[in-house]
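# show me how the following folds:
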Amino acid sequence: MTAVRADPAAAPARSGFSGALGRVPRSVWPLAVFVLLFLVGGLIRPNLLSVDSLVGTATFAMILAIASFGQTVAVIQAGIDLSVPNTIAFAALGFLTWTAAFGPVLGFVGGILAGVIVGLANGVIVAKLGLTPIVTTIAMNGLLFGVVLLTFRNSELTVIPQFLTDITATKIDLFGVKIAAVLPLGLILMVVLQLVLSFTGWGRSLFVVGSAPHTATLAGLPVDRIRMAGYALSGALAAFAGIVIVGFYAQASATMGASYLLGSVAAVVVGGASIFGGRGSMVGTFGGALVLGQVATLVNVANLGSNIQQLIYGVIVLIVIALYGRRTAE
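Okay, here's the model as predicted:
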C-alpha cells in the first residue's frame, strides 16, 4: 500500500486561514449573516433590496435588541432571564397606570423601578438561595403574569404620553431617509451599555463571574453582589423595553412580551454570546437581532406566519447551543 503524503504547505495555509477567521470579532459575524440574508431577500423579491426595507428591518431589530440587552447581561454572567416577557408587560402596564395617576415622570420612574425590583428578586434567589436561573426566572415570569392579570385593566390603559411617542415612533429625516426615533435611541443605549461592559470594573467582573465563578471568589470578587446587580440591570432594561414598545406600537396588553421570551435568547446567542457564560456583547446582540429581523421579513414574504417564525428562532437557538456544547466538550 502506498502511503499518502500530506502536503506540508497545506496545513500552514489552513492554519493561516483559520487564524485569520479567528481574529475576526465575534460581533462581526451576525452582521455578515444579516447582509447575506438581506441579499437573499432581494433575490426572492427585488423590492426587498431597498433602503426602506433595510430601515424597516433595522427598526424591528432595534426593538428586539432593546428587549434583549438585559438578557445579554444575564447570559454573560452564566445565567438566563426568562422573566423578560412579563417584566416587559408589568412595567409597560404599570407605566401607563402610574402615568395616568401621577404624571409621566413618576410613571417612567415607577416602571423602571418595577423592573429593578423583579430583577433583584431573581438575583437574590439565584445568588443567595442557590436555585438555578432557569427555574427561578421562569417561575418569576409566571408569577408576574398572574400579577398583571389581577392588577391592570387593559381597557383603561389607552392613553399614550406624547413624550414617549416623540422619542420612539416619531420619524426623523436622516440624509433624506425617514427613520423612527427608536433607532437612534437604541443605538445610544447600546453604546452606553457596551462601554459599561468593556471599561468598568463591574462590567469586566461580569465576564469573570460568568466564565470562572470559583476563580472570581478566590480573587476576592463579591460574586453574589455582582450577580444580583446583573439581574437587577436585566430587569431594568426589560422594563425600559416594555415602555419603548408601548410608545412605538401605541398599545399594551398582558401578553405583549410573549414573543420576546425566545426572541431575546435567540438574539443574544446568535450575536455571539455563550449560553454558558463569560462571553457576549451589546453590539453582537444587535447584530443577532438584525439576523432575526431579516428572518422575520423572509417569513412574512413567504406568508408562513408568526408560529413558523418562532419555530425558526427555536431551531436557531438549538443549533447555536449545540455548537457551543460541542466546542466546550472538545
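# now the strands for the protein?
171-174, 177-180 (DSSP state E).
# show me what the first one packs onto, helices and strands only.
Meaning strand 171-174. strand 177-180 (3 or more Cβ pairs under 8 Å, 6 or more residues apart in numbering; DSSP states H and E). Placement of C-beta: from N, CA and C, glycine included.
# starting at the chain centroid, how far to the strand it packs on?
From the chain centre to the centre of strand 177-180 is a distance of 23 Å (Cα atoms, centre = their mean, to the nearest Å).
# residues of that strand that come out buried?
Using 16 or more other Cβ atoms under 10 Å as the test for burial, strand 177-180 gives I179, A180.
# helices or strands up against it?
Looks like strand 177-180 contacts helix 51-76, strand 171-174 (3+ Cβ pairs under 8 Å, 6+ apart).
# any idea which of these is most buried?
helix 51-76 (a mean of 24; mean count of other Cβ atoms under 10 Å).
# state the mean pLDDT of that one.
The pLDDT scores in helix 51-76 average 95.
# picking up where we left off before, mind putting the helices and strands packed on strand 177-180 in TSV, distance to S306 included?
Shown next, in TSV, are those (distance: least, Cβ to Cβ, whole Å):
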stretch	distance to S306
helix 51-76	13
strand 171-174	26
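# list the contacts of K171.
Taking Cβ atoms under 8 Å, 6 or more residues apart in numbering, we find K171 in contact with K178, I179, A180, A181.
# identify whichever of the helices and strands packed on strand 177-180 lies nearest to L39.
Counting by Cβ to Cβ, L39 lies closest to helix 51-76 out of the helices and strands packed on strand 177-180; the figure is 11.4 Å.
# work out the gap between the closest one and the centre of the chain.
Counting by Cα atoms, centre = their mean, helix 51-76 is centred 7 Å from the centre of its parent chain.
# who are the packing partners of that helix?
Counting by 3+ Cβ pairs under 8 Å, 6+ apart, helix 51-76 packs on helix 28-44, helix 84-102, strand 177-180, helix 182-199, helix 201-211, helix 223-249, helix 260-270, helix 282-301.
# nearest to F69, of the ones you listed?
Closest among the helices and strands packed on helix 51-76, once you apply Cβ to Cβ, is helix 223-249, at 4.9 Å.
# buried residues, the closest one. List them.
For helix 223-249, by 16+ other Cβ under 10 Å, it's 223, 226-248.
# so that helix versus helix 84-102, what angle?
Counting by axes from the mean of the first three to the mean of the last three Cα atoms, to 10 degrees, helix 223-249 lies at 70 degrees to helix 84-102.
# before we move on, back to that, T217 is nearest to which of the helices and strands packed on strand 177-180?
Taking Cβ to Cβ, helix 51-76 is the member of those nearest to T217, at 17.4 Å.
# spatially nearest residue to G115 (excluding sequence neighbours)?
With Cβ to Cβ, 6 or more residues apart in numbering as the criterion, G115 has its nearest non-adjacent residue at 2.5 Å, and that residue is A239.
# if I look at that neighbour, how far off is G257?
Separation of A239 from G257 (Cβ to Cβ, to the nearest Å): 11 Å.
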